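In: Sharing a model that was predicted from the sequence below.
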2 protein chains.
Amino acid sequence: MRCLVTGGAGFIGSNLVDGLLTDGHDVVVYDNLSTGQERFLDEASLSPRFSLVHGDTLDLGALSSAMAGADFVFHLAANADVRFGTEHPRKDLEQNTIATFNVLEAMRATGTKRIAFSSTGSVYGEPDLFPTPEHVPFPPQTSLYGASKLACEGMIQAYCEGFGFQSYIFRFVSILGERYTHGHVFDFYRSLRANPTELRVLGDGHQRKSYLYVQDCIDAILKVVEESKGIERPGGGALHIYNLGTDEYCEVNDSIGWITDHLGLAPNLIYSGGERGWIGDSPFIFLDCRKIRSLGWAPRLTIREGIIRTLEYLRSNPWVLEARG
Amino acid sequence: MRCLVTGGAGFIGSNLVDGLLTDGHDVVVYDNLSTGQERFLDEASLSPRFSLVHGDTLDLGALSSAMAGADFVFHLAANADVRFGTEHPRKDLEQNTIATFNVLEAMRATGTKRIAFSSTGSVYGEPDLFPTPEHVPFPPQTSLYGASKLACEGMIQAYCEGFGFQSYIFRFVSILGERYTHGHVFDFYRSLRANPTELRVLGDGHQRKSYLYVQDCIDAILKVVEESKGIERPGGGALHIYNLGTDEYCEVNDSIGWITDHLGLAPNLIYSGGERGWIGDSPFIFLDCRKIRSLGWAPRLTIREGIIRTLEYLRSNPWVLEARG
């Protein structure tokens, strides 16, 4: 099929592009290259079934043009930085909520009916139930990032009902692995590279988080999309929501231990203190992934293995540490 | 206290303004008069504690100016028409989601920390549980209107966490009563006035809905805001969510019977058919209102009494039937 991948030059997007090309699909990447990297598409660009359109999701006209003829939209372009939401609330509104509205309107204009969307476990706010299943009680939002992703999910769902769209919403834990460009492993590695004797940690280090290796994430997405192809009603709307994570979690302190051991360092740890690393940080993220596992998918790497793999990637690609704007 | 009421020239807004003035508060109405009516503020405008600012919620500068000095924002301005969402999806995005973002940003700019928001039972989509409590499992959205109100709720909640706002979110059933300007009683009465022998009904007439009389709605809002004043932490964020409805529901056919009986008519009923009146219509809306009732509030009018009161209002104010754009 012909796929449009928004944010296809980004961390997860570019890995997805490689997977789609391997599976024989045609791929158009739509990316404004604000955080994405053309170098992530070096391999993809060797394929005759690949093209890159440099454009912004806020530009509805250009987005619609790029989408013409697409069978499937993978909408991954987003402000993915949950941490600095309160410093610029407009960013989540524009780059997530309004951008997703534009993607949906471009789909309507071009007659494209199927969409996969990268949502987040942050939409659960601070739930009472762990591991958290997809149908947890109506959760109050605690971050602008989570709120904007919830807004996107709601619009996508309403378009399913209103316009017969078929949608696949994935609520991710934090993703790790090759082409990783932001998150705690990035921050810790960069900091230790500059000063191996000291590491500043947001919060008290006891935040419990779940992580998933990017190739496992891509495998899950492709499996869901592939398997559901046969069972969709041609004209009818359908909505599929999947948590996507590992069946384990770790403390930030565990992660620090694995990272410093692997690097052979013993830095002095300086904690900012408090249960949360930042405003809107969720002290515990652990998703119930039985629904996606029931399709036969399982992650191949543990959290520890994913973190080590990420470290190795950053060590081999120091340019990534400098490339971030 | 000094209150800003967005949408204060509208149906619910103008009734709220009268209530706030009666309780001794200062009121600034901010309204673009697109669906609001200055005549609804005739009584309010006699008060020296009242002023009207003609402005749009999409104009952040004007909104912030009007908000300066306010202690409390009642954000009621919205595209309130759930029915025509699929005809103009941008309307819900702009007038609900982006407008609410502007209200929140204006509050941040002016240091206003408290907000009451008119949400909707439509955020529950098509729930499995009736009556539907506030903490029902995470509901998929079925209308663009509901999705946009969910987006607003999420942002408001994130601002509570991120900026220490105190918010009061009310999920309304359909509201009826004086100054009612849209909804099924309006449509049916206008249609019967033009042709008393025939009435076209969307759906099969078996949709089950709950309704609340506007004065009961205003009483509930004022009670919540008044009672919670003493218990808020001065600097800390707090989030309160209340369903607002009656402990009963009726079929559309019941309502038609009450309306035609009251008017002494026996029109031929022509049903468009189907379980839903329109795309995104919820065939059953019935909210669990135990939480708001536990504060000592109870509606004074039944659904039937509210419908009759609305009919009487429309009969005495035929200009309302013509005024709608």
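Out: Done, it's in.

In: Now do the SS call for whichever residue of the stretch 1-150 of chain A sits closest to chain B.
Out: Proximity of the stretch 1-150 of chain A to chain B (CB to the nearest CB) peaks at A:A147, 3.5 Å away. In short, each C-beta sits where N, CA and C put it, glycine included. At A:A147 the chain is in helix, as set by DSSP: H, G, I helix; E, B strand; the rest coil.

In: For A:I303, see how far away it is.
Out: 27 Å (CB to CB, to the nearest Å).

In: The spatially closest residue to A:F50 that is not a sequence neighbour: neighbour count?
Out: Take A:F50 and drop its neighbours on the chain: the residue closest to it by CB to CB, 6 or more residues apart in numbering or on different chains is A:A44, 4.8 Å away. A:A44 has 22 neighbouring residues, counting by other CB atoms under 10 Å in any protein chain shown.

In: so who does A:A44 touch?
Out: A:14, A:17-18, A:21, A:27, A:29, A:50 (CB atoms under 8 Å, 6 or more residues apart in numbering or on different chains).

In: Confirm for me that A:R83 is in contact with A:D281.
Out: Yes - judged on CB atoms under 8 Å, A:R83 makes contact with A:D281 at a distance of 7.4 Å.

In: Could you list the low-confidence segments of the stretch 101-250 of chain A?
Out: Per-residue confidence for the stretch 101-250 of chain A (pLDDT under 70) gives these ranges: A:229-236.

In: For it, which segments count as helices?
Out: A:144-163, A:184-194, A:214-228 (DSSP state H, counting those that start in this stretch).

In: wait, what's in contact with A:T260?
Out: Residues A:192, A:199, A:266-267 are the ones in contact with A:T260 under the rule CB under 8 Å, 6+ apart.

In: same check, this time on A:D23
Out: Contact analysis of A:D23 by CB under 8 Å, 6+ apart lists A:222, A:226.

In: okay, it: pLDDT?
Out: We have a pLDDT of 95 for A:D23.

In: That one and A:K223: what is the separation?
Out: Counting by CB to CB - A:D23 and A:K223 are separated by 11 Å.

In: circling back to that earlier point, find the residue closest to the residue of the stretch 1-150 of chain A closest to chain B in space, skipping its chain neighbours.
Out: A:A147's closest residue in space is B:G154 (CB to CB, 6+ apart), at 3.5 Å.

In: Where does the nearest residue to A:A109 once chain neighbours are set aside fall, secondary structure wise?
Out: Setting aside the residues directly before and after it, A:A109 is nearest to A:S64 in space (CB to CB, 6+ apart), at 4.9 Å. Per DSSP states H and E: A:S64 is located in helix A:60-67.

In: before we move on, what about A:S51?
Out: Residue-wise, A:S51 maps onto strand A:50-54 under DSSP H and E.

In: Kindly export stretch A:121-140 (C-alpha atoms) in PDB.
Out: Output of stretch A:121-140 as PDB, limited to C-alpha atoms (Å, rounded to 0.1, in the frame of the first residue of the first chain):
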ATOM      1  CA  GLY A 121       0.500   6.400  28.200                       C
ATOM      2  CA  SER A 122       0.500  10.000  29.500                       C
ATOM      3  CA  VAL A 123      -3.200  10.200  28.600                       C
ATOM      4  CA  TYR A 124      -3.900   8.100  31.700                       C
ATOM      5  CA  GLY A 125      -2.600  10.900  33.900                       C
ATOM      6  CA  GLU A 126      -1.900   9.400  37.400                       C
ATOM      7  CA  PRO A 127      -4.200   6.300  37.300                       C
ATOM      8  CA  ASP A 128      -5.100   4.200  40.400                       C
ATOM      9  CA  LEU A 129      -4.700   1.000  38.500                       C
ATOM     10  CA  PHE A 130      -1.400  -0.700  37.600                       C
ATOM     11  CA  PRO A 131      -0.600  -2.100  35.100                       C
ATOM     12  CA  THR A 132      -3.100   0.300  33.500                       C
ATOM     13  CA  PRO A 133      -5.400  -1.200  30.900                       C
ATOM     14  CA  GLU A 134      -6.900   0.700  27.900                       C
ATOM     15  CA  HIS A 135     -10.300   1.000  29.600                       C
ATOM     16  CA  VAL A 136      -9.300   2.600  32.900                       C
ATOM     17  CA  PRO A 137     -11.800   5.000  34.500                       C
ATOM     18  CA  PHE A 138     -11.900   8.400  32.800                       C
ATOM     19  CA  PRO A 139      -8.600   9.900  33.700                       C
ATOM     20  CA  PRO A 140      -7.900  13.600  34.600                       C
END
